[in-house]
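**Student:** sequence-free structure coming up:
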Ligand code: KG4
Ligand code: ZN
């Protein structure tokens, strides 16, 4: 069979990225230009600034991806771009560029769901991975437990009812006076603290529910910091970071393992920016080993936003006969499994 080369483009938040992927799994290039240093001073992503920076960077990032992959533009078989969920102005930059390229090069175009992209990162990392499996997708904007029944076929088992896991990390990091993004900062500091020093609440919701809720935990940590401040007691930041993190990862891991048992599959995958978290990886490794579940996660560069995962997701859509119209618009609140 002829090789299929996919150009992937991602610009849904604060990373401008383009990648060339062969047959959905082999990364020939994956260029990621992060805007983190620009947004850092505001403590979070400023949407208008993000859009402008994407516009400035997108052409060069694509050119670099083509060059690094050692291919010519004519070698591209299909162009895939994120069209949601994400920041509308940011999404439009990558999406418009991808559609313009598809039109001028007369190539098929596939609009990709960003969360489905995160799920596909594991196809790149683990060449032998095939559905069905369960994925815990935890990022700055999303927390989902997804039953991947087949390529492109998803059933959402649970989702967050308020904050995403990464969002909780970012907010607590800010409250502790640590940097942005908060996940890596808390991950690092937590290693110096005692995860059982402070008993923060674990929100399991109803029995049997696969949903998550992190707002109660977030309030509990903020209340604790306020109380200590009012009593002029110096807080042990490492203990707070470690105890907060322990409360997050215990609930995530417990529900993820339960979802695997519920569906009867033998594999659990982790995806999204929070999949880079060492405590979450360690706890899931332990729990899955004990229950004889195969546990997989992508390398750090494929956890956070990147275009290689978008190319992989777009490739599987394409070979399963699904392409998008060039009228496709950005959908900021796109749901998993929606087809536009
Ligand atoms: O997937 P991603 O790059 O963007 C979204 O689609 O949201 O995820 C970014 C999120 C941020 O909230 C960041 O704090 C979190 O992933 N993150 C981490 C770690 N590395 C990144 N959270 C916990 N531990 C980490 N090591
Ligand atoms: Zn993401």
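**Tutor:** On my side now, so go ahead. For clarity, every value in this text was computed on a predicted model and none was experimentally measured. Ligands and ions are numbered 1, 2, ... in the order given.
**Student:** neighbours of the closest residue to residue 271 other than its chain neighbours, how many?
**Tutor:** With sequence-adjacent residues excluded and distances taken as Cβ to Cβ, 6 or more residues apart in numbering, residue 271 is closest to residue 118, at 4.3 Å. Every C-beta, even on glycine, is put in place using the N, C-alpha and C of the backbone. By the criterion of other Cβ atoms under 10 Å, residue 118 has 32 neighbours.
**Student:** also the one 3 residues further on?
**Tutor:** Around residue 121 there are 29 other residues, counting by other Cβ under 10 Å.
**Student:** pLDDT score for the residue of the stretch 51-200 of the chain found nearest ligand 1?
**Tutor:** Closest contact between the stretch 51-200 of the chain and ligand 1, by Cβ to the nearest ligand atom, is at residue 183 (2.0 Å). pLDDT for residue 183: 97.
**Student:** which element is it on?
**Tutor:** Following DSSP states H and E, one finds residue 183 within helix 182-190.
**Student:** residue 254 too?
**Tutor:** Taking DSSP H and E as the definition, one finds residue 254 inside helix 237-263.
**Student:** state the mean pLDDT of that helix.
**Tutor:** Confidence for helix 237-263, expressed as mean pLDDT, is 98.
**Student:** what's around residue 234, how many residues?
**Tutor:** Burial of residue 234 is recorded as 7 neighbouring residues (other Cβ under 10 Å).
**Student:** the stretch 201-340 of the chain: strands as residue ranges?
**Tutor:** 267-271, 294-296 (DSSP state E, counting those that start in this stretch).
**Student:** the helix or strand hosting residue 39: what's the following helix or strand?
**Tutor:** Following DSSP H and E, one finds residue 39 within helix 36-40. As assigned by DSSP H and E, the chain's next helix or strand after helix 36-40 is helix 47-69.
**Student:** report the buried residues of that following helix.
**Tutor:** The neighbour-count check on helix 47-69 (16 or more other Cβ atoms under 10 Å) flags 47, 49-55, 57-58, 61-62, 65-66, 69 as buried.
**Student:** and the lowest-mean-pLDDT helix or strand in the chain with ligand 1, contact?
**Tutor:** Of all the helices and strands that make up the chain, helix 36-40 has the lowest average by mean pLDDT, DSSP states H and E, namely a mean of 85. No - contact of helix 36-40 with ligand 1 (Cβ under 6 Å from any ligand atom) is absent, the minimum separation being 9.8 Å.
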